[in-house]
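In: got a predicted structure here, sequence first:
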Amino acid sequence: MLGYVIRRLAIAVVILFASSFLVYILAAYAGDPLEDLRQSRDPNREALIAQRTAALNLDVPPVLRYFLWLRGAIGCVVPFGATCDLGTSLQGFEVTELLSRAIAQTVLLVTAATILSIVIGIALGIISALRQYSGLDYGVTFMAFLFFSLPVFWVAVLLKEFGAIRFNDFLAEASFSPVAIVLAGIVVGLVVYGASYGTTRTRVLVSGGAAATTMVLMLGIGASGWLRTPFLGIPGILLVGGLISVGVTFLIAGFRNKRALYSGLTAVGVAAIVYFPIQSVLGDDASWLLIAGLGVVTLIVGAVIGYAFGGYDRSQNIRIGALSAFFAGGLVLLDRFMQSWPQYVGHPRIRNRPISTVGSSTPGFDEGFWLSGIDTMTHLILPTAALMLVALAGYSRYSRASMLEIMNMDYIRTARAKGASERSVVMRHAFRNALIPLATLIAFDIGALIGGAVITENVFAFTGMGQLFIQALVIVDLNPLMGVFLVTGILAMVFNLVADLLYSVLDPRVRVKA
């Protein structure tokens with residue numbers, strides 16, 4: 001394994017060197033970085049040209065200039081190497097500073113969208129494969145092709161209109177009409193009916209219960225004004241956390257392992273018990289470092305709970321206990337943000353219109369950890385939704401095709417013939433193998449997304465990697481352009497290596513050797 005990784009890294013270095021040289025030379029001959037100064041009527045034009053020429057080594061031929069750039073770039077990629085120096089832009093800004101700001105904006109933008117699109121897309125694809133040629137399958141297929149074919153800028157504009165402008169108007173009243181309640185209940189009932197399995201009677205009962213629950217919840221939300229003053233509290237954490245724990249137990253272990261279910265429910269109960277004591281810790285001086293530390297403690301506590309329940313499979317107990325504790329802790333954190341929601345909406349800078357359409361945050365808004373956190377989240381909702389809707393269409397199609405192929409394999413028929421439950425067949429035998437073809441796709445997409453979502457960044461005024469690259473390309477600003485190329489090239493190769501290593505994890509038959 002180690003020899004294989006070393007060999008792949010050595011090949012990656014050669015590829016990165018050759019490709020960066022080619023890009024640098026092509027970009028250097030594509031335009032004149034002094035064009036704006038040559039056309040200037042500034043009296044000290046010649047002095048400015050000489051200054052830029054000296055700062056960017058423009059008097060050196062591009063082939064030799066590349067090696068000057070490479071000498072500084074090596075310090076950025078070699079551990080314990082020289083100082084990282086990627087040069088300056090045409091405007092005199094350090095490229096490392098431009099990249100640090102752009103990467104932060106891009107990561108902030110694409111992380112949630114990537115995770116949600118992968119999880120939701122794969123889930124929809126697998127469910128539609130298991131319900132092949134059903135109404136749900138046709139519906140998911142239609143929506144996937146619709147979003148896959150729509151241009152992302154148009155999706156973004158629609159989200160601005162309906163997800164921000166009209167939704168902010170709706171929040172002024174925050175109540176649902178009877179027609180909207182009935183329609184929502186019918187839609188949820190149809191979706192649940194298509195996704196559930198069993199006898200027709202069971203599916204009708206489950207879908208009817210889901211539809212009734214949806215309508216009751218919408219009535220309660222409208223009557224209580226929950227959207228204006230949202231909260232979960234201990235009852236909400238116990239209810240939602242308990243449902244999540246039951247779902248996690250069903251997917252991982254099934255309901256035969258009662259100790260695993262008890263581990264998850266106990267972890268949710270512990271989260272409810274510490275709800276009030278933890279409020280003093282989550283004060284106005286909280287930080288993301290504190291939240292990360294509490295997350296680690298939460299996982300440890302959940303794992304300990306699972307181990308304490310013992311039984312014939314403690315590993316299942318530990319996984320379920322840790323996951324249930326993690327999600328329950330997330331609900332406690334969500335509730336804390338909800339407590340600050342009314343204060344945020346009523347802030348003079350927000351003026352009861354919390355969903356923003358541009359930027360990554362409100363300029364100059366610094367009102368503590370919780371209000372600033374809400375401000376960042378509300379700015380990310382629309383661009384995250386735009387990227388997610390377009391990306392999950394592809395994941396759902398790939399995962400559906402992969403799952404259909406796996407479900408027709410001989411070992412799936414053998415597992416069913418041996419009496420394995422449908423949950424065991426799907427989760428233990430089919431799901432893991434269905435992920436193998438997706439490993440390369442996911443790794444490639446993650447590496448590519450770090451390069452920036454150019455159109456989405458432009459529509460929502462995010463100054464990320466994509467915008468930095470396009471701006472540098474237009475004015476032939478070589479150093480920022482090569483800085484973006486260096487980052488995206490390294491990430492693409494790293495994630496391709498990760499995809500190859502994932503094959504050996506997902507499929508024991510695959511072994512990587514030097």
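Out: Arrived safely, thanks for sending.
In: mind listing the helices for the stretch 401-514 of the chain?
Out: Using DSSP state H, counting those that start in this stretch, the helices of the stretch 401-514 of the chain run over residues 410-417, 422-424, 431-434, 436-450, 454-459, 465-474, 478-506.
In: output these as a markdown table; include the columns mean neighbour count, distance to Thr202 and mean pLDDT.
Out: Heads up, the C-betas are built off the backbone N, CA and C, glycines and all. Shown next, in a markdown table, are the helices of the stretch 401-514 of the chain (neighbours: other CB atoms under 10 Å; distance: least, CB to CB, whole Å; pLDDT from 0 to 100):
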| stretch | mean neighbour count | distance to Thr202 | mean pLDDT |
| --- | --- | --- | --- |
| helix 410-417 | 13 | 20 | 88 |
| helix 422-424 | 14 | 13 | 81 |
| helix 431-434 | 18 | 23 | 83 |
| helix 436-450 | 19 | 31 | 76 |
| helix 454-459 | 20 | 42 | 82 |
| helix 465-474 | 20 | 48 | 84 |
| helix 478-506 | 19 | 33 | 82 |
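In: what does the lowest-mean-pLDDT helix or strand in the chain contact?
Out: Across the helices and strands of the chain, mean confidence by mean pLDDT, DSSP states H and E is lowest for helix 436-450: a mean of 76. Residues outside helix 436-450 that contact it (CB atoms under 8 Å, 6 or more residues apart in numbering) are 103, 106-107, 110, 113-114, 118, 122, 387, 391, 394-395, 398-399, 402, 465, 487-488, 491-496, 498-499, 502-503, 506-507.
In: right, and the helices of the stretch 401-514 of the chain - which one's nearest Asp85?
Out: Checking the helices of the stretch 401-514 of the chain against Asp85 by CB to CB gives helix 478-506 as the closest, at 9.9 Å.
In: that closest one - contacts with which helices or strands?
Out: In this structure, helix 478-506 makes packing contacts with helix 2-28, helix 62-77, helix 95-130, helix 436-450, helix 465-474, judged by 3 or more CB pairs under 8 Å, 6 or more residues apart in numbering; DSSP states H and E.
In: can you redo the ones you listed as CSV with distance to Asn458?
Out: Conversion of the helices and strands packed on helix 478-506 to CSV gives the following (distance: least, CB to CB, whole Å):
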stretch, distance to Asn458
helix 2-28, 21
helix 62-77, 27
helix 95-130, 12
helix 436-450, 15
helix 465-474, 7
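In: Asn317 touches Phe309, doesn't it?
Out: Yes: using CB atoms under 8 Å, Asn317 is in contact with Phe309, at 5.1 Å.
In: residue contacts, Ser360?
Out: When contacts are counted by CB under 8 Å, 6+ apart, Ser360 touches 105, 108-109, 376, 379-380, 462.
In: just to revisit the earlier point, any idea which of the helices and strands packed on helix 478-506 scores lowest on pLDDT?
Out: Least confidently modelled of the helices and strands packed on helix 478-506 is helix 436-450, at a mean of 76 by mean pLDDT.
In: that helix: how far from the chain's middle?
Out: Shown here is helix 436-450, whose average C-alpha point lies 13 Å from the average C-alpha point of the whole chain (CA atoms, centre = their mean, to the nearest Å).
In: then stretch 24-38?
Out: On CA atoms, centre = their mean, the centre of stretch 24-38 falls 37 Å from that of its chain.
In: nearest to Leu290, out of the helices and strands packed on helix 478-506?
Out: Smallest distance to Leu290 across those (CB to CB): 19.4 Å, for helix 95-130.
In: in that closest one, what's buried?
Out: Of the residues in helix 95-130, 95-96, 98-99, 102-103, 105-106, 108-110, 112-114, 116-118, 120-122, 124-130 count as buried by neighbour count, 16 or more other CB atoms under 10 Å.
In: again with stretch 279-296
Out: The neighbour-count check on stretch 279-296 (16+ other CB under 10 Å) flags 282, 286, 294 as buried.
In: between those residues, which is closest to Gly87?
Out: For these, the nearest to Gly87 is Ala286 (39.0 Å; CB to CB).
In: list the contacts of the closest one.
Out: Applying CB under 8 Å, 6+ apart, we find Ala286 in contact with 369-370.
In: SS state for it?
Out: At Ala286 the chain is in coil, as set by DSSP: H, G, I helix; E, B strand; the rest coil.
In: quick check: the gap between it and Phe167.
Out: Taken as CB to CB, to the nearest Å, the spacing of Ala286 relative to Phe167 amounts to 28 Å.
In: where does the prediction get shaky in the protein?
Out: Residues of the chain that meet the criterion pLDDT under 70 lie in 1, 79-82, 197, 447-448, 450-452, 507-514.
In: outline the domain layout of it.
Out: Domains of the chain are assigned by automatic domain parsing as 2-99+447-506, 107-129+141-171+234-404+413-433.
In: out of these, nearest to Leu205?
Out: Shortest distance between Leu205 and the domains of the chain, using CB to CB, is found for domain 107-129+141-171+234-404+413-433: 17.4 Å.
In: if we can go back for a sec, export the buried residues of stretch 279-296 as a markdown table, with columns for distance to Glu367.
Out: Conversion of the buried residues of stretch 279-296 to a markdown table gives the following (distance: CB to CB, whole Å):
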| residue | distance to Glu367 |
| --- | --- |
| Leu282 | 16 |
| Ala286 | 13 |
| Leu294 | 22 |
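In: nearest to Arg228, of the residues you listed?
Out: Proximity to Arg228 was ranked across those by CB to CB; first place goes to Leu282, at 22.0 Å.
In: for the closest one, phi and psi?
Out: Main-chain torsions, Leu282, degrees, to the nearest 10: phi -90, psi 60.
In: ok, back up a step: identify whichever of the helices of the stretch 401-514 of the chain lies nearest to His347.
Out: Between those, helix 454-459 lies closest to His347; by CB to CB that is 25.4 Å.
In: and the closest one, what does it pack against?
Out: helix 95-130, helix 152-158, helix 369-407, helix 465-474.
In: which residues does it contact?
Out: Applying CB under 8 Å, 6+ apart, the contact partners of helix 454-459 are 105-106, 109, 151-153, 156-157, 383, 386-387, 462-464, 466-467, 469-470.
In: mind running it again at 6 Å?
Out: 152-153, 156, 383, 386-387, 464, 466-467, 470 (CB atoms under 6 Å, 6 or more residues apart in numbering).
In: and the buried ones among those, selectable in ChimeraX?
Out: A single ChimeraX command is used to select the members of these judged buried by 16+ other CB under 10 Å:
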select :152,156,383,386,387,464,466,467
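In: circling back: could you dump the domains of the chain into CSV with distance to Ala210 added?
Out: As requested, those are arranged in CSV below (distance: least, CB to CB, whole Å):
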stretch, distance to Ala210
domain 2-99+447-506, 33
domain 107-129+141-171+234-404+413-433, 12
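In: between those, which one is closest to Arg201.
Out: Set against Arg201 and scored by CB to CB, these come closest in domain 107-129+141-171+234-404+413-433, at 17.8 Å.
In: end-to-end on that closest one?
Out: 29 Å (CA to CA, to the nearest Å).
In: got the phi and psi for Gly346?
Out: Phi and psi for Gly346, reported as degrees, to the nearest 10, are phi -80, psi 0.
In: let me fix that: Ser40
Out: Phi and psi for Ser40, reported as degrees, to the nearest 10, are phi -80, psi 150.
In: got the angle for the least confident helix or strand of the chain vs helix 478-506?
Out: Interaxial angle of helix 436-450 relative to helix 478-506 (axes from the mean of the first three to the mean of the last three CA atoms, to 10 degrees): 160 degrees.
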